[in-house]
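1. Need the 3D shape of this:
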Amino acid sequence: MAIPKKGTRKINVDACQYRWLIRKKTTYTQSVYGSGKLSVAVELADEPGTTLYIYTDRPHPHDIKTDKVIPILPSDVSNWINQALALGWEPSKKGKPFNTSVNNGLLEVTD
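-> Numbers count the residues shown, from 1 in each chain. Below is the predicted model of the structure:
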């Protein structure tokens, strides 16, 4: 499933152009229970295949317990893309989303 183009940002990693998007709207759980983290979706910009979902360790700004906002920078996304590729993400191949989570700065596959 492709991510919507509205609100995405482009990033070049190793001569490939990707689009990425941070889910800005909080879910009910993120805003009420104090366990909300930011999530990022990434796909190839021109011909999307498999979408990379990254569940970060960064608190969602609208989470009830967020004291300090730690932004997601393009350098973070670039780093995570490289890690996902090393973990076996094939962005040009059609298929189910490649789900990962960030743990101490490193991606882990969560399928």
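
2. Which parts of the chain are helices?
-> In the chain, the segments counted as helices under DSSP state H are 28-32, 74-86.

3. nearest spatial neighbour of the most centrally placed residue in the chain, skipping sequence neighbours?
-> In the chain, the C-alpha closest to the average C-alpha coordinate belongs to Val40, at a distance of 2.1 Å (C-alpha atoms, centre = their mean). With sequence-adjacent residues excluded and distances taken as C-beta to C-beta, 6 or more residues apart in numbering, Val40 is closest to Ile54, at 4.3 Å. Every C-beta, even on glycine, is put in place using the N, C-alpha and C of the backbone.

4. And the helices of the chain, which one averages the lowest pLDDT?
-> The stretch with the lowest average pLDDT out of the helices of the chain is helix 28-32, scoring a mean of 62.

5. Tell me how many other residues surround the closest residue to Thr8 other than its chain neighbours.
-> Residue nearest to Thr8 in three dimensions, not counting chain neighbours: Arg19, with 4.2 Å by C-beta to C-beta, 6+ apart. Arg19: 21 surrounding residues under other C-beta atoms under 10 Å.

6. And for Trp89?
-> Counted with other C-beta under 10 Å, Trp89 comes out at 21.

7. which ones are touching it?
-> 50, 52, 98, 100 (C-beta atoms under 8 Å, 6 or more residues apart in numbering).
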